[in-house]
Every structure is written in structure tokens, then in C-alpha cells.
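Asker: Okay, predicted coordinates and the sequence, questions at the end:
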Amino acid sequence: MKIVIYCLLVLSVLICSAQKRLVLIDQDGSGPGGSNQMAMLSLLQAPQVEVLGITMVTGNAWRDEETLHTLRMLELTGHGNVSVAKGAVFPLVRTERETQISSALDGKVTWLGAWGQGPMTLVENNGSVMPFTPDKLDKHGPYAIPPLSEGMPTLKPIDEDAAHFLIRQVRAHPHQVTIYAAGPLTNIALAVSIDPEFAELTQGIVMMGGSLNPQTDDPEFATSPRHEFNFWFDPEATHIVLRAAWPRIDVTTVDVSIKAPFTQKMLDEISKSQSPTAKYIAAWSQNRYYLWDELAACAWLDPTLITRETVEYMDIDLSHGPSYGDTLTWTEKLKPQTGVRLVHAQLDLDLPRFQKMFVELMSR
């Protein structure tokens with residue numbers, strides 16, 4: 001009898017260890033290549049993970065163009081079985097016109113995403129940064145589709161909208177799914193607002209967003225240390241999501257992201273592989289930049305990549321002035337009595353291990 005019980009216990013452990021971790025990806029999928037697409041591939045390529053679906057939100061580019069880039073990426077890399085749902089086209093409150101007026105009154109921000117591409121920064125091999133404007137992100141209206149350099153997809157998005165798709169998947173797998181949100185948080189805020197139990201039925205949320213005090217000479221952050229695009233683009237959505245009842249909130253901040261560049265050496269290593277994913281990246285991910293979203297994905301896959309974090313209360317500035325959309329944080333002693341939640345804000349990483357892990361994932 002003892003032997004039987006022991007064998008059953010061993011079998012149970014083996015079954016549990018074989019179960020894949022479930023994740024829903026919410027992303028602003030500008031492309032081809034680039035951080036948004038490579039971040040999704042980090043999770044799609046991970047053998048221990050099942051991606052239940054991808055939801056698209058306007059951010060770095062407009063939703064409809066992002067959807068086509070993402071569907072084409074899935075085709076080219078052999079992940080065409082993953083469902084893609086279209087989400088929010090516009091933020092909840094912030095508008096492009098209001099942002100234009102704010103720019104005239106308070107000064108410009110470096111990156112406007114879909115609203116008009118300002119300068120970004122290119123990471124050189126020596127670690128320095130210089131401005132560049134990506135030609136792939138030319139300004140156009142929300143429903144216009146420019147020619148896709150990688151070709152149009154034959155895959156189609158599902159008919160269900162992003163918010164209801166997210167809710168349906170979480171309710172189908174209660175307390176088993178992690179939400180990976182690496183763009184503006186509009187879709188997630190809508191899901192939380194539609195279903196008040198949505199957040200607490202997950203295992204937690206992983207976000208690329210927020211900025212505390214990044215140590216850098218990159219002008220985008222050196223002069224505005226609390227500004228970060230994903231949180232800024234839809235502050236009201238960020239506010240809703242940060243206050244929801246998640247079992248755990250992990251935030252990959254600017255502070256840690258700018259320590260993780262995509263180098264030419266990494267691209268060269270990936271390009272040696274003949275896998276469909278490596279060929280896609282070799283063809284379309286030529287711009288060397290920070291691995292924002294990829295780090296958020298890989299840190300969820302292996303939390304030991306993060307070597308330093310701070311656990312603080314976090315929210316967003318909703319005052320419609322110069323600091324609208326800036327990250328707010330407090331300690332336990334100083335926090336307001338307004339329902340703010342604790343987050344695990346990442347600050348530093350084991351860079352060599354992360355780079356090795358990312359190259360291996362892209363080369364599989």
C-alpha cells in the first residue's frame with residue numbers, strides 16, 4: 001500500500017511539473033520585428049508556456065496595423081494556431097488633440113507612438129545613444145493600413161473583442177493565467193471594468209511600464225524620470241489596472257529596461273540559427289534598441305533574472321497638467337488612503353543571463 005501511495009504521489013508531481021504555465025498576451029504589436037514582436041515571441045517560443053491568445057491595443061502604432069503585423073509574424077514563425085483579438089483603438093480619456101495642446105503649453109514628449117513619431121534612440125555597440133526616427137512607423141490615421149514590408153497575412157483575427165476574450169479565457173482557467181501586458185493598458189482596464197472579478201481570478205499581471213529614477217544620459221528619461229510611454233498613453237486605464245485586485249503585480253520599469261540593450265552581437269548570434277523565428281528576427285529586427293518588453297517576458301519566465309526590485313505602492317498622475325501620466329509611488333508610511341496597491345518594481349538584472357536566455361529562445 002505504501003508503495004502504491006508513493007507511486008501515486010510521484011505521478012502527481014510529474015503531471016504537475018509537466019503542466020504548462022498559461023499566459024494571455026496584451027501587446028501593442030508594431031512591426032515588423034522590433035521589441036513588441038520579439039517580446040511576444042519570447043513567450044511563444046518558451047517550451048514551458050502555453051499562450052492562450054494575443055490581444056492588440058493601440059500604442060506604438062494603431063491597433064489595426066499592429067494586428068496585421070502580429071498575424072504575419074505568427075505565420076512566418078510557425079505560431080499560426082494562436083488566436084489574435086482586436087482591442088481598443090483609442091485611450092479611455094486622453095486624446096491626440098489634448099496631447100497636441102499640452103505639448104504647446106507644457107513642452108513636447110519624446111515618443112508619441114501612433115499619434116506621430118517623434119525621435120527615439122538607437123543603442124550603439126559602445127553603449128552610447130543617438131536619436132533616430134524609425135521609417136516603419138510613419139504617421140497615418142487609425143484605420144489606414146500602409147504596405148507591410150513583410151507581406152500581408154492570410155490569418156485573420158477572431159471576431160471576439162479583446163476585453164471579452166480576456167475575461168472568457170481567465171474564467172475558463174480560474175487562478176491559472178498570468179496577464180502579460182506590454183503596451184498601454186486600455187484592454188486590461190476594460191476587462192477589469194466589465195468583470196470586477198477578472199483580476200483576482202488570475203495568477204497576477206506582468207507589466208512593462210512606469211519609471212522611477214532611471215540612471216541614464218538618454219534624454220527621453222534623464223529630463224523626465226517619471227515619464228514612461230505605456231503608462232502615459234492611457235493614464236486612466238493605468239489607474240484602473242494598478243488598483244485592481246491582482247494576486248501579484250510585477251512591473252518592468254524604465255529603470256531596468258534601459259540596462260538591457262539589443263546588441264549587434266545578439267542579433268548576429270540569433271541570425272546563425274535556421275529556425276523560422278530566427279529568420280524572422282534576422283530579416284526584420286535590425287534596429288538595436290532597449291529590450292523593454294522582452295525583459296518583462298523573460299523575467300516572468302525566470303524571475304531570478306531580476307537582481308533588485310523595490311516593493312512600493314504605485315499609481316499614475318491623473319491631473320491634466322505637465323505631469324499627466326507620470327508614475328507615482330509611495331512607501332507604506334507615506335501612501336494615501338485611496339486604495340493604492342503594492343507592486344514589485346524591477347530595478348536591476350543579471351544582464352549576461354538574460355541576453356543568453358533571449359538569444360536561445362529566439363534561436364529555438
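Answerer: Good, I have the coordinates. Numbering: from 1, shown residues only.
Asker: can you give me the helices in the stretch 101-250 of the chain?
Answerer: Taking DSSP state H, counting those that start in this stretch, the helices of the stretch 101-250 of the chain run over residues 162-172, 186-194, 219-222, 229-233, 235-242.
Asker: between those helices, which gets the lowest average pLDDT?
Answerer: Note on the helices of the stretch 101-250 of the chain: helix 219-222 shows the lowest mean pLDDT, a mean of 90.
Asker: Pairing partners for residue 25 in the sheet, please.
Answerer: Under the criterion DSSP bridges, residue 25 forms beta bridges with residue 54, residue 180.
Asker: Please name the residues that touch it.
Answerer: Taking C-beta atoms under 8 Å, 6 or more residues apart in numbering, we find residue 25 in contact with 40, 43, 51, 53, 54, 55, 180, 182. For the C-beta atoms, the positions are set from N, CA and C on the backbone; glycine is no exception.
Asker: and of those residues, the nearest to residue 235?
Answerer: Comparing the contacts of residue 25 against residue 235 with C-beta to C-beta places residue 182 closest, at 17.2 Å.
Asker: Count the residues that sit near that closest one.
Answerer: Using other C-beta atoms under 10 Å, the number of residues around residue 182 comes to 29.
Asker: related to what we said a few turns ago, could you identify the pair within the contacts of residue 25 that is furthest apart?
Answerer: 53 and 182 (14.6 Å).
Asker: Show me the strands in the stretch 251-364 of the chain, by range?
Answerer: For the stretch 251-364 of the chain, the strands defined by DSSP state E, counting those that start in this stretch cover 306-316, 327-330, 341-349.
Asker: List the contacts of residue 171.
Answerer: Contacts for residue 171 (C-beta under 8 Å, 6+ apart) come out as 195, 201.
Asker: What's the separation between it and residue 177?
Answerer: Distance of residue 171 to residue 177, given as C-beta to C-beta, to the nearest Å: 10 Å.
Asker: And residue 55, by the same measure?
Answerer: In terms of C-beta to C-beta, residue 55 sits 13 Å off from residue 177.
Asker: Which one's more surrounded, these two?
Answerer: Legend: neighbour count by other C-beta under 10 Å for residue 55 and residue 177, higher for residue 55 (32 against 22).
Asker: Contacts only, for that one.
Answerer: So residue 55 contacts 24, 25, 26, 27, 84, 85, 86, 87, 162, 165, 166, 187 (C-beta under 8 Å, 6+ apart).
Asker: Quick check: closest non-adjacent residue to residue 307.
Answerer: Of all residues not flanking residue 307 in the chain, residue 348 sits nearest, at 4.9 Å (C-beta to C-beta, 6 or more residues apart in numbering).
Asker: Show me what that neighbour bridges to in the sheet.
Answerer: residue 308.
Asker: List the residues that contact it.
Answerer: Contacts of residue 348 (C-beta under 8 Å, 6+ apart): 255, 256, 259, 306, 307, 308.
Asker: Report whether the expected contact of residue 241 with residue 183 is present.
Answerer: No: judged on C-beta atoms under 8 Å, residue 241 makes no contact with residue 183 at a distance of 11.8 Å.
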